[in-house]
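Peer 1: Sequence first, then the predicted structure:
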Amino acid sequence: MDLTTVEAGTRCPFCGGLMEIVEDEKYLWFGCRGCMRYVKREKRDLVRRYVNYGARIFDWRGIMAELSRLYETS
């Protein structure tokens, strides 16, 4: 399985570790390597909600807000 990992630049609200985004073929994972807690969303669903191809807009803040909210409540 091919994974791409990027540090998100935010801190985990539980342990203070760096948050990261991990992408595979189907999912986008968001979590903390220190806590080993992750949440995932299908990339297809995120694209439907946060990418507007006609206006050429990618709502990065919206995606990060959803993933952060999901992480904090899981």
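Peer 2: Structure's in. What do you need?
Peer 1: where along the protein do the strands fall?
Peer 2: Here the chain has its strands, by DSSP state E, at 4-11, 18-23, 27-32, 37-42, 51-52, 57-58.
Peer 1: Tell me which of the ones you listed is the most buried.
Peer 2: Mean neighbour count (mean count of other Cβ atoms under 10 Å) peaks for strand 27-32 among those, with a mean of 19. C-beta here means a position set from N, CA and C on the backbone, and glycine is covered the same way.
Peer 1: Check which helices and strands that one sits against.
Peer 2: Secondary structure elements in contact with strand 27-32, counted by 3 or more Cβ pairs under 8 Å, 6 or more residues apart in numbering; DSSP states H and E, are strand 18-23, strand 37-42, helix 43-50, helix 60-73.
Peer 1: Once you drop chain neighbours, what's closest to residue 66?
Peer 2: residue 41 (7.4 Å; Cβ to Cβ, 6 or more residues apart in numbering).
Peer 1: Which residues are in contact with the one you found?
Peer 2: Residue 41 sits next to 27, 28, 30, 66, 67, 70 when contact means Cβ atoms under 8 Å, 6 or more residues apart in numbering.
Peer 1: Swap in 10 Å and give it another go.
Peer 2: 27, 28, 29, 30, 49, 63, 66, 67, 70 (Cβ atoms under 10 Å, 6 or more residues apart in numbering).
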